[in-house]
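*Asks:* How does the following fold in three dimensions:
(one chain, ligands or ions: 1)
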Amino acid sequence: MMTTIIDGKAIAADLREKVAQAVSALKSTHDIQPALAVVLVGEDPASQVYVRNKGIATEKAGMKSIEHRLAADASEDDVVNLVRKLNAEEGVDGILVQLPLPSHISSSRVINEIDPDKDVDGLTEVNAGRLILGKDGLVPCTPQGSVIMAKTVRPDLTSLNAVVVGRSILVGKPLSMLLLAENCTVTMAHSRTADLAAVCREADILCAAVGIPRLIKGDWVKKGAIVIDVGINRVEEGGKSRLVGDVDFDSAKENASAITPVPGGVGPMTIACLLRNTVVAAARRRGVGEIDL
Ligand SMILES: Nc1nc2c(c(=O)[nH]1)N[C@@H](CN(C=O)c1ccc(C(=O)N[C@@H](CCC(=O)O)C(=O)O)cc1)CN2
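*Replies:* Next up, the predicted model:
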């Protein structure tokens, strides 16, 4: 069987181009330049890279990028006060607090301070509620990117059995809701699911977001399934550091009809969807209405 390797970089580049066109139209017809504010607390090296890449991508799409960096020992109140200030700023359309936060700060408290209409990560309780209720809101970026990728190989997901392995707030739970909205029959599985292999074998769409390197083996993948690997795990192998997913790519691709690689799969979609959410939020907040991207 020919297996399609779903190219996240190419799909993300395409989405970023569409966002840039929407931004250009907002500027020329409404004199609006969307602005994204990113808050980074501490010096986590990976977070610094992600934040820098978000800033570059935001500017490349023609939007304004605002960065706020707080020291690792900033208090929870310092972060909350900054979020409140950004909520009140008319010119800020999107607010994102880079995760993880230092352990002395409650991410849940900080995130839920964000104005839901500026919550471009889609992580506030209000946006989680909107997603469950099927109302317009802002949808978390990585799950949004995962569904876009699956739909590049199978535009209509109706009636498919989707298994989501992982139940995080950032990915597993919202991804399950998005697949339900696509009319899939969704099973939410996790590291403690009894006979996880058997559950995975039922999947027409198998999404792995559990954070365990290569947990999902090739013989857990049904012939012809679409495999979306959300895991990004750094492992040491042969004296070298490399990124691997939650799926054992080489064996899984023998059975899958389509599969996302790591790196170059879902990861790049995260930032592209963030840009999309920012332009969508800007158009709604500023009374232009819905943008179709
Ligand atoms: N507030 C948020 N914090 C975090 C999120 C998020 O969506 N919102 N997600 C991750 C980190 N992240 C973005 O913030 C992110 C992770 C990975 C990638 C990516 O493109 N990865 C590449 C590989 C990169 C490498 O070589 O190291 C890939 O998979 O191809 C983009 C964004 C946690 N925090």
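*Asks:* Where does the stretch 51-200 of the chain get nearest to the ligand, which residue?
*Replies:* The stretch 51-200 of the chain approaches the ligand most closely through L99 (3.6 Å), counting by CB to the nearest ligand atom. Glycine gets a C-beta too; all of them are placed from N, C-alpha and C.
*Asks:* do the chain as well
*Replies:* Among the residues of the chain, G267 lies nearest to the ligand; the distance is 2.0 Å by CB to the nearest ligand atom.
*Asks:* Chain neighbours aside, what residue packs nearest to V199?
*Replies:* In space, V199 comes closest to A189 once its chain neighbours are excluded; the distance is 5.1 Å by CB to CB, 6 or more residues apart in numbering.
*Asks:* Now do the same for the one you found: its pLDDT.
*Replies:* At A189, the model reports a pLDDT of 98.
*Asks:* who's in contact with it?
*Replies:* A189 makes contact with V163, V164, V165, L196, V199, C200, according to CB atoms under 8 Å, 6 or more residues apart in numbering.
*Asks:* burial count for the closest residue to the first one other than its chain neighbours?
*Replies:* Sequence neighbours aside, A203 is the residue nearest to V163 in space, at 3.8 Å (criterion: CB to CB, 6+ apart). The burial count assigned to A203 is 24, neighbours taken as other CB atoms under 10 Å.
*Asks:* With the one 5 residues further on instead?
*Replies:* Per other CB under 10 Å, the neighbour tally for A208 reads 30.
*Asks:* Can you check the pLDDT for the residue lying closest to C184 once chain neighbours are set aside?
*Replies:* Across the structure, with CB to CB, 6+ apart as the measure, the residue nearest C184 apart from its sequence neighbours is A162 (3.9 Å). What the model reports as pLDDT for A162 is 98.
*Asks:* wait, isn't A162 in contact with T185?
*Replies:* Yes - in this structure, A162 sits in contact with T185. The criterion is CB atoms under 8 Å, and the distance is 6.9 Å.
*Asks:* When these two are compared, which one has more neighbours?
*Replies:* Between A162 and T185, counted using other CB under 10 Å, the more crowded position is A162 (27 against 14).
*Asks:* my hunch is that V38 is in a strand, does that hold up?
*Replies:* Yes - with the criterion set as DSSP: H, G, I helix; E, B strand; the rest coil, the secondary structure at V38 is a strand.
*Asks:* That one: neighbour count?
*Replies:* Counted by other CB under 10 Å, the residues lying close to V38 total 23.
*Asks:* Setting aside sequence neighbours, what's the nearest residue to it?
*Replies:* L96 (5.0 Å).
*Asks:* which SS class is that neighbour?
*Replies:* strand.
*Asks:* Name the residues of the protein found near the ligand, please.
*Replies:* Along the chain, the residues adjacent to the ligand under the rule CB under 6 Å from any ligand atom are 50, 96-99, 121, 141-142, 232, 243, 262-264, 267-268, 270-271.
*Asks:* same thing but 8 Å
*Replies:* Residues of the chain that fall close to the ligand, judged by CB under 8 Å from any ligand atom: 8-9, 46-47, 49-51, 53-54, 96-100, 121, 123, 140-142, 170, 232, 234, 243, 262-271, 274.
*Asks:* in its sheet, what does the one helix or strand the residue nearest to C184 maps to sit against?
*Replies:* A162 belongs to strand 161-165 when assigned by DSSP states H and E. Its sheet considered, strand 161-165 pairs with strand 185-189 (parallel), strand 205-208 (parallel) by DSSP bridges.
*Asks:* Output those in JSON lines, with distance to R284 appended to each entry.
*Replies:* Conversion of the strands paired with strand 161-165 to JSON lines gives the following (distance: least, CB to CB, whole Å):
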{"stretch": "strand 185-189", "distance to R284": "28"}
{"stretch": "strand 205-208", "distance to R284": "28"}
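*Asks:* A22 is nearest to which of those?
*Replies:* strand 205-208 (27.7 Å; CB to CB).
*Asks:* With just CA atoms, put the helix or strand following the closest one into CSV.
*Replies:* Moving toward the C-terminus from strand 205-208, the first helix or strand encountered (DSSP H and E) is strand 226-229. C-alpha atoms of strand 226-229 as CSV (Å, rounded to 0.1, in the frame of the first residue of the first chain):
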residue,chain,number,x,y,z
ILE,A,226,-4.9,7.8,9.1
VAL,A,227,-2.3,8.4,11.9
ILE,A,228,-1.9,11.8,13.4
ASP,A,229,1.1,11.9,15.7
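*Asks:* Cool, thanks, signing off.
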